[in-house]
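Chemist: I'd like to go over a predicted model; first the sequence, then the structure.
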Amino acid sequence: MHASFNLKRTYDAPVARVWEALTNEAAKQRWFGGTPDQWGQDERYMDVRVGGRERLKGRWESGLVSTFAKTWHSPVHAAILE
């Protein structure tokens, strides 16, 4: 399935911490991906610039492959960090 959507969220955390969780590959891996006993990562790529892409692909223990792909369309960091 392919879809496009926009997200707007309010977090009870400092802006810098939220930005780090969304854009730092190691930080995001801690909360966005399967657990090692149920899911194996095949691919991860992050480029958080405008026009940049993010991709995460992995295989669940059942054999199902899931892929997350995102393109950054706006300078989110500028709005977040102001």
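Modeler: Perfect, I can see it now. Numbering: from 1, shown residues only.
Chemist: make it CA atoms for all contacts and neighbour counts henceforth
Modeler: Fine.
Chemist: burial measure for the nearest residue to Tyr11 once chain neighbours are set aside, as a count.
Modeler: With Cα to Cα, 6 or more residues apart in numbering as the measure, Val18 is the residue that lies nearest to Tyr11, at 7.5 Å, once sequence neighbours are left out. Taking other Cα atoms under 10 Å as the neighbour definition, Val18 ends up with a count of 14.
Chemist: in terms of helices and strands, where is Val18?
Modeler: Per DSSP states H and E: Val18 is located in helix 15-23.
Chemist: kindly export that helix (C-alpha atoms) in CSV.
Modeler: Coordinates of the C-alpha atoms in helix 15-23 are reproduced here as CSV (Å, rounded to 0.1, in the frame of the first residue of the first chain):
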residue,chain,number,x,y,z
VAL,A,15,12.1,20.5,21.0
ALA,A,16,15.8,19.4,20.6
ARG,A,17,15.0,16.0,22.1
VAL,A,18,12.1,15.4,19.7
TRP,A,19,14.1,16.5,16.7
GLU,A,20,16.9,14.1,17.8
ALA,A,21,14.5,11.2,18.1
LEU,A,22,13.1,11.9,14.6
THR,A,23,16.3,12.6,12.7
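Chemist: now do it: distance to the chain's middle.
Modeler: Taking the mean of its C-alpha atoms, helix 15-23 sits 11 Å from the chain's own mean (Cα atoms, centre = their mean, to the nearest Å).
Chemist: continuing past it, what's the next helix or strand?
Modeler: Note on helix 15-23: by DSSP H and E, the next helix or strand toward the C-terminus is helix 25-29.
Chemist: outside of whatever helix or strand comes next after that next one, which residues touch it?
Modeler: On the C-terminal side of helix 25-29, the nearest following helix or strand under DSSP H and E is strand 39-46. Residues from elsewhere that reach strand 39-46 (Cα atoms under 8 Å, 6 or more residues apart in numbering): 23, 25, 33-34, 52-61.
Chemist: which residue lies farthest from the center of the protein?
Modeler: Ser62 (22.9 Å; Cα atoms, centre = their mean).
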